[in-house]
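> Pasting a predicted model and its sequence here:
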Amino acid sequence: MNDAVVPTHAPELTLSSLYRDHHSWLESWLRRRLGNAWDAADLSQDTFLRVLASAQPIAQMQAPRAYLVTVGKRLLVNFHQRRSLEQAYLNALANLPETCVPSPEQRWLVLETLQALDELLDGLPVRVRRAFLWSQLEGLGYREIAERLDVCERTVKRYMAQAYEHCLLVQL
(Lines give C-alpha, C1' and ligand atoms only; values in the text may rest on other atoms or scores of the structure.)
Protein backbone atom coordinates (compact mmCIF):
# COMPACT_ATOMS: atom_id res chain seq x y z
CA MET A 1 0.00 0.00 0.00
CA ASN A 2 1.36 3.42 -0.96
CA ASP A 3 1.35 5.91 1.92
CA ALA A 4 2.28 8.88 -0.28
CA VAL A 5 -0.08 11.81 -0.02
CA VAL A 6 -1.50 12.82 -3.38
CA PRO A 7 -2.59 16.44 -3.53
CA THR A 8 -6.21 16.93 -4.49
CA HIS A 9 -5.31 19.80 -6.81
CA ALA A 10 -2.26 21.23 -8.48
CA PRO A 11 -0.66 24.29 -6.92
CA GLU A 12 -2.10 27.55 -8.20
CA LEU A 13 -0.27 28.94 -11.21
CA THR A 14 1.02 32.49 -10.79
CA LEU A 15 2.88 34.77 -13.16
CA SER A 16 5.99 34.17 -11.11
CA SER A 17 5.73 30.37 -11.36
CA LEU A 18 4.73 30.58 -15.03
CA TYR A 19 7.82 32.70 -15.75
CA ARG A 20 10.13 30.56 -13.64
CA ASP A 21 8.92 27.27 -15.12
CA HIS A 22 8.61 28.27 -18.78
CA HIS A 23 10.74 31.33 -19.56
CA SER A 24 13.91 29.53 -20.60
CA TRP A 25 11.92 27.00 -22.63
CA LEU A 26 10.02 29.81 -24.43
CA GLU A 27 13.18 31.77 -25.11
CA SER A 28 14.83 28.66 -26.61
CA TRP A 29 11.73 28.04 -28.74
CA LEU A 30 11.85 31.62 -30.02
CA ARG A 31 15.62 31.49 -30.59
CA ARG A 32 15.21 28.45 -32.87
CA ARG A 33 12.67 30.36 -34.96
CA LEU A 34 14.55 33.65 -35.06
CA GLY A 35 18.16 32.48 -35.11
CA ASN A 36 18.96 35.38 -32.82
CA ALA A 37 19.28 35.26 -29.02
CA TRP A 38 18.75 39.02 -28.54
CA ASP A 39 15.46 39.15 -30.42
CA ALA A 40 14.34 35.91 -28.77
CA ALA A 41 14.98 37.41 -25.33
CA ASP A 42 12.99 40.52 -26.24
CA LEU A 43 10.07 38.54 -27.64
CA SER A 44 10.10 36.22 -24.64
CA GLN A 45 9.73 39.21 -22.31
CA ASP A 46 7.03 40.67 -24.56
CA THR A 47 5.17 37.36 -24.41
CA PHE A 48 5.04 37.44 -20.63
CA LEU A 49 3.97 41.08 -20.68
CA ARG A 50 1.11 40.14 -23.02
CA VAL A 51 0.14 37.30 -20.70
CA LEU A 52 0.13 39.69 -17.77
CA ALA A 53 -2.05 42.17 -19.68
CA SER A 54 -4.44 39.53 -21.07
CA ALA A 55 -7.89 38.73 -19.79
CA GLN A 56 -6.90 35.04 -19.42
CA PRO A 57 -6.58 34.32 -15.68
CA ILE A 58 -3.13 32.83 -15.16
CA ALA A 59 -4.33 30.64 -12.31
CA GLN A 60 -6.81 28.89 -14.64
CA MET A 61 -4.41 28.06 -17.47
CA GLN A 62 -4.64 24.37 -18.30
CA ALA A 63 -1.82 24.27 -20.87
CA PRO A 64 0.62 27.11 -20.14
CA ARG A 65 3.13 26.21 -22.86
CA ALA A 66 0.44 26.04 -25.52
CA TYR A 67 -0.81 29.46 -24.43
CA LEU A 68 2.73 30.88 -24.43
CA VAL A 69 3.35 29.45 -27.92
CA THR A 70 0.13 31.03 -29.20
CA VAL A 71 1.11 34.43 -27.84
CA GLY A 72 4.70 33.95 -29.00
CA LYS A 73 3.59 33.06 -32.55
CA ARG A 74 1.52 36.24 -32.75
CA LEU A 75 4.51 38.27 -31.61
CA LEU A 76 6.71 36.50 -34.17
CA VAL A 77 4.30 37.43 -36.95
CA ASN A 78 4.29 41.05 -35.75
CA PHE A 79 8.08 41.00 -35.52
CA HIS A 80 8.48 39.76 -39.10
CA GLN A 81 5.90 42.24 -40.39
CA ARG A 82 7.71 45.08 -38.62
CA ARG A 83 11.06 43.96 -40.10
CA SER A 84 9.53 43.75 -43.56
CA LEU A 85 8.03 47.22 -43.16
CA GLU A 86 11.36 48.61 -41.94
CA GLN A 87 13.20 47.04 -44.87
CA ALA A 88 10.73 48.47 -47.39
CA TYR A 89 11.17 51.91 -45.83
CA LEU A 90 14.96 51.63 -45.88
CA ASN A 91 14.83 50.55 -49.53
CA ALA A 92 12.71 53.59 -50.33
CA LEU A 93 15.21 55.82 -48.49
CA ALA A 94 18.07 54.36 -50.51
CA ASN A 95 16.45 55.74 -53.67
CA LEU A 96 16.21 59.29 -52.32
CA PRO A 97 18.75 61.99 -53.16
CA GLU A 98 21.19 62.67 -50.32
CA THR A 99 19.60 66.05 -49.59
CA CYS A 100 16.17 64.47 -49.00
CA VAL A 101 17.24 61.69 -46.62
CA PRO A 102 15.60 62.21 -43.22
CA SER A 103 17.60 62.33 -40.00
CA PRO A 104 17.81 59.21 -37.82
CA GLU A 105 15.24 60.76 -35.47
CA GLN A 106 12.84 61.40 -38.34
CA ARG A 107 13.36 57.88 -39.66
CA TRP A 108 12.57 56.45 -36.25
CA LEU A 109 9.37 58.53 -36.03
CA VAL A 110 8.28 57.43 -39.50
CA LEU A 111 8.96 53.77 -38.68
CA GLU A 112 7.01 54.07 -35.42
CA THR A 113 4.12 55.70 -37.28
CA LEU A 114 4.16 53.03 -39.99
CA GLN A 115 4.18 50.31 -37.32
CA ALA A 116 1.25 51.93 -35.48
CA LEU A 117 -0.67 52.21 -38.75
CA ASP A 118 0.07 48.59 -39.60
CA GLU A 119 -1.17 47.47 -36.16
CA LEU A 120 -4.26 49.67 -36.47
CA LEU A 121 -5.21 48.11 -39.81
CA ASP A 122 -4.34 44.57 -38.75
CA GLY A 123 -7.30 42.29 -39.23
CA LEU A 124 -8.85 44.12 -42.16
CA PRO A 125 -9.37 42.18 -45.38
CA VAL A 126 -6.64 42.92 -47.94
CA ARG A 127 -8.90 44.78 -50.38
CA VAL A 128 -10.36 46.97 -47.62
CA ARG A 129 -6.88 47.74 -46.32
CA ARG A 130 -5.61 48.64 -49.81
CA ALA A 131 -8.58 50.88 -50.51
CA PHE A 132 -8.09 52.68 -47.22
CA LEU A 133 -4.34 53.15 -47.71
CA TRP A 134 -4.72 54.34 -51.31
CA SER A 135 -7.31 56.85 -50.19
CA GLN A 136 -5.44 58.11 -47.15
CA LEU A 137 -1.81 57.92 -48.29
CA GLU A 138 -2.03 58.45 -52.04
CA GLY A 139 -5.10 60.66 -52.04
CA LEU A 140 -6.91 58.54 -54.61
CA GLY A 141 -10.61 59.06 -55.12
CA TYR A 142 -13.16 56.28 -54.95
CA ARG A 143 -13.30 56.04 -58.75
CA GLU A 144 -9.52 55.45 -59.05
CA ILE A 145 -9.60 52.94 -56.20
CA ALA A 146 -12.53 51.14 -57.83
CA GLU A 147 -10.57 50.89 -61.08
CA ARG A 148 -7.48 49.54 -59.32
CA LEU A 149 -9.50 46.95 -57.42
CA ASP A 150 -11.79 46.22 -60.36
CA VAL A 151 -14.93 46.85 -58.28
CA CYS A 152 -17.69 49.45 -58.38
CA GLU A 153 -17.51 52.72 -56.45
CA ARG A 154 -20.27 51.54 -54.14
CA THR A 155 -18.02 48.66 -53.04
CA VAL A 156 -15.18 51.11 -52.38
CA LYS A 157 -17.55 53.18 -50.20
CA ARG A 158 -18.42 50.03 -48.28
CA TYR A 159 -14.71 49.20 -47.91
CA MET A 160 -13.97 52.68 -46.61
CA ALA A 161 -16.84 52.54 -44.13
CA GLN A 162 -15.55 49.18 -42.92
CA ALA A 163 -12.02 50.57 -42.52
CA TYR A 164 -13.19 53.66 -40.64
CA GLU A 165 -15.38 51.56 -38.36
CA HIS A 166 -12.46 49.23 -37.68
CA CYS A 167 -10.17 52.16 -36.82
CA LEU A 168 -12.75 53.65 -34.47
CA LEU A 169 -13.36 50.34 -32.70
CA VAL A 170 -9.65 49.64 -32.30
CA GLN A 171 -9.18 53.06 -30.71
CA LEU A 172 -11.84 52.34 -28.06
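That came in fine, so what should we check first? Numbering: from 1, shown residues only.
> Can you spell out which helices and strands pack onto the lowest-mean-pLDDT helix or strand in the chain?
The helix or strand of the chain with the lowest confidence, counting by mean pLDDT, DSSP states H and E, is helix 104-121 at a mean of 85. With contacts taken as 3 or more Cβ pairs under 8 Å, 6 or more residues apart in numbering; DSSP states H and E, helix 104-121 sits against helix 64-94, helix 126-137, helix 153-171. Heads up, the C-betas are built off the backbone N, CA and C, glycines and all.
> Now it: buried residues?
117, 121 (16 or more other Cβ atoms under 10 Å).
> now stretch 148-157
149, 155-156.
> ditto for stretch 160-172
For stretch 160-172, by 16+ other Cβ under 10 Å, it's 160, 162-163, 166.
> Pick the one among the residues you listed closest to Gln87.
Ala163 (25.1 Å; Cβ to Cβ).
> Do you know the pLDDT at that closest one?
On pLDDT, Ala163 comes in at 92.
> Quick check: nearest residue in space to it, chain neighbours excluded?
Leaving aside its chain neighbours, Ala163 sits nearest to Phe132 (3.8 Å; criterion: Cβ to Cβ, 6 or more residues apart in numbering).
> what do you get for Leu149?
In space, Leu149 is closest to Arg127, 5.8 Å off (Cβ to Cβ, 6+ apart).
> separation between that neighbour and Arg158?
Computed as Cβ to Cβ, to the nearest Å, the Arg127 to Arg158 distance reads 10 Å.
> Name the stretch among the helices and strands packed on helix 104-121 that sits most buried.
Each of those was scored by mean neighbour count; the highest is helix 126-137, a mean of 17, by mean count of other Cβ atoms under 10 Å.
> coming back round to it: check the gap between the residue nearest to Ala163 and Asp46 for me.
27 Å.
> what's the answer for Tyr159, then?
For Tyr159, the distance to Asp46 - Cβ to Cβ - is 32 Å.
> Low-confidence bits of the chain, can you list those?
For the chain, the stretches with pLDDT under 70 are 1-11, 171-172.
> where does Ala41 land in three-state SS?
Secondary structure for Ala41, judged by DSSP: H, G, I helix; E, B strand; the rest coil, is helix.
> Please name whichever of the helices and strands packed on helix 104-121 is nearest to Gly35.
Among the helices and strands packed on helix 104-121, helix 64-94 sits nearest to Gly35 (Cβ to Cβ), with 12.0 Å.
> Let me know the angle separating that closest one from helix 104-121.
Helix 64-94 runs at 130 degrees relative to helix 104-121, counting by axes from the mean of the first three to the mean of the last three Cα atoms, to 10 degrees.
> If you count contacts, what does helix 64-94 end up packed against?
helix 15-34, helix 37-53, helix 104-121.
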